[in-house]
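Colleague: Okay, structure incoming, though there's no sequence with it:
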């Protein structure tokens, strides 16, 4: 009887461990979109978040990676992002909050500042921002 119980416990433990590993791998893949600005990887916490087909990135991390400056206006809940002679006003409601940080649609921000965005899907999805020299 003890051998059966031990064997049953071992099988349950192995199944639970395998299931946990599968979930961890799936969770890692779900959040694994890499972001590059002019060929340099942008590392931020939180990273890129994809919701309903839109890729969001942390405002300040993305802006600084493309050579822009950010001014936050608390009273209006708005940021002004400038790169060279290009400036964009962004309201907090245009993005999403994650870990107390404002994430904005990456494509929208980059294109408003004169850049181009390329999405590459597959096993290692990535977003490439190509920005011309600042004017």
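Modeller: Sure thing, it's come through. Please read these numbers as outputs of a predicted model, since none were measured by experiment.
Colleague: Quick check: residue 61 is in a strand.
Modeller: No: counting by DSSP: H, G, I helix; E, B strand; the rest coil, residue 61 is not part of a strand but helix.
Colleague: State whether residue 127 and residue 55 are indeed in contact, as I suppose.
Modeller: Yes: counting by C-beta atoms under 8 Å, residue 127 touches residue 55, with 5.9 Å between them. Placement of C-beta: from N, CA and C, glycine included.
Colleague: Spell out which residues are contacts of both of those two.
Modeller: 33, 48, 106, 119 (C-beta atoms under 8 Å, 6 or more residues apart in numbering).
Colleague: Quick check: the farthest pair among those residues?
Modeller: Within these, 48 and 119 form the most distant pair, 10.8 Å apart (C-beta to C-beta).
Colleague: From residue 65, how far out is the spatially most central residue of the chain?
Modeller: By C-alpha atoms, centre = their mean, the mean C-alpha position of the chain lies nearest to residue 48, the distance being 0.4 Å. Look at residue 48 and residue 65: by C-beta to C-beta, to the nearest Å, they are 12 Å apart.
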